[in-house]
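Visitor: Any chance you can model this:
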Amino acid sequence: MKFEIKGEDSGSKARAGLLQTGHGEIRTPTFMPVGTAATVKAVHFRDLEEEVRPDIILANTYHLYLRPGLEILGKAGGIHRFMGWDRPVLTDSGGYQVYSLTERRKISADGVTFSSHIDGSLHFFSPEKVIDIQRQIGADIIMAFDECTPYPCDYDYAKSSMKLTHDWLDRCCSRFGESTGLYGYEQALFPIVQGSTYKDLRRESAEFISRAGMDGNAIGGLSVGEPAGIMYEMTELVCDILPKDKPRYLMGVGTPQNLVECIALGVDMFDCVMPTRNARNGMLFTREGIINIRNKKWESDFGVIDPEGNTFADQRYSRAYLRHLFISGEMLGPMLATLHNLRFYTDLMDEARQQILQNTFAGWKMRMSEKLARRL
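Guide: I've put the predicted structure just below:
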């Protein structure tokens, strides 16, 4: 994998880059739609390719390991062939799912024992096994196994958890180095910075994973309930330490406003379920603010969903019609809303990139940030 910085904004720490993988180029900053189980919910792959047009999507190790399972993925020739997607894929290691399965898992120095949310069966993830699983899945970018701490989290627990994540990273790197990809293209391993909301721990963790010398680095353990200001503070601190010549991936973030703020701090890659999950509940993101399409105020609004939107959904259907679909419980409503939100995120990243290349990002961010948080 190769990363090249194409431009930087003098009024912020934002940068535009190009990340080359075995399945094509990724223009940064970039947003990855979440395709947890090898599908982006409510979106046909045709529409994903032609309307949303992301450079990369995300899938999840934990979920794919349980279903359809590694045997099926191996027989298919890896995740790209399995789901008919020939562009880059990143797999999360399952660390966040371990975090969310509080009542179903037991953590030790060796790894994590957990029970499946599907049938209750017991499983064990070690750092080595997580690398082996992701080799079998075959994503272009794979993540190191980590423990994601909750918020709030006391200092002693955050520190011991960070140390465990670092120990696991050493084991992940060893296993990654002694193994190879299975499907004829290279994979890249990204370590994950932890340390909760403590500056000294975040600094220590960022320095530790930087020394691992991997192709890129991720920032985890944020957007788990902490105030946005703290998230920005931790992100800026870590970005100032992580190698400049490697892509920086902020995991699980976030709102459109979060994205433009964190791009200004030096982040290159994002993922979040927000555009898809919120769309299924009737929340639409637009350049003028946020729409709850279920509200009665849209009942007789025959204007298009988003005058500046770029999908056929934006250009063809009215807000009144979309509201009717949601109120009537029609599946088409969440589908159109999801399509709109994902393309909005893609367009936002494209626009941010152009502003960086023109060295006008800082002023654009100030104007956009205020509008993106507005409720219409």
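
Visitor: CA atoms for contacts and neighbours, from now on please.
Guide: Fine.

Visitor: any idea how far the residue of the chain most remote from its centre is from Ser161?
Guide: In the chain, the residue that sits farthest from the middle, by CA atoms, centre = their mean, is Ser300; the gap is 36.0 Å. Distance of Ser300 to Ser161, computed by CA to CA, to the nearest Å: 53 Å.

Visitor: and if you look at Arg367?
Guide: Counting by CA to CA - Arg367 and Ser161 are separated by 39 Å.

Visitor: quick one: what helix or strand has Lys129 in it?
Guide: helix 127-137 (DSSP states H and E).

Visitor: just how off-centre is whichever helix or strand comes after that helix within its chain?
Guide: Sequence order places strand 141-143 as the next helix or strand after helix 127-137, per DSSP H and E. Remark: strand 141-143 is offset 12 Å from the chain centroid, using CA atoms, centre = their mean, to the nearest Å.

Visitor: Strand 141-143 pairs with which strands, and in what direction?
Guide: Under the criterion DSSP bridges, strand 141-143 sits next to strand 89-92 (parallel), strand 188-190 (parallel) in its sheet.

Visitor: outside of the shortest one, which residues touch it?
Guide: Right, the one you point to is strand 188-190. For strand 188-190, contacts defined as CA atoms under 8 Å, 6 or more residues apart in numbering pick out 1, 140-144, 173, 176, 214-218.

Visitor: so what strands line up beside the very next helix or strand once past that strand?
Guide: The first helix or strand that comes after strand 188-190 along the chain, using DSSP H and E, is strand 192-193. Paired with strand 192-193 in the same sheet, following DSSP bridges, are strand 217-219 (parallel).

Visitor: The partner strand: how far from the chain's middle?
Guide: On CA atoms, centre = their mean, the centre of strand 217-219 falls 11 Å from that of its chain.

Visitor: same thing with stretch 158-176?
Guide: On CA atoms, centre = their mean, the centre of stretch 158-176 falls 21 Å from the chain's centre.

Visitor: what's in contact with it?
Guide: Stretch 158-176 has contacts (CA under 8 Å, 6+ apart) with 109, 127-128, 131-132, 144-147, 149, 189, 191, 194-196, 201, 205, 208-209, 212.

Visitor: Helices of the stretch 251-376 of the chain, residue ranges please.
Guide: Remark: helices assigned in the stretch 251-376 of the chain by DSSP state H, counting those that start in this stretch are 256-263, 274-280, 312-316, 319-328, 332-357, 361-372.

Visitor: Adding mean pLDDT, mean neighbour count and distance to Gly229, write those out as TSV.
Guide: Converted to TSV, the helices of the stretch 251-376 of the chain look like this (pLDDT from 0 to 100; neighbours: other CA atoms under 10 Å; distance: least, CA to CA, whole Å):
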stretch	mean pLDDT	mean neighbour count	distance to Gly229
helix 256-263	98	22	10
helix 274-280	98	22	19
helix 312-316	91	16	33
helix 319-328	98	19	33
helix 332-357	98	23	21
helix 361-372	95	16	14
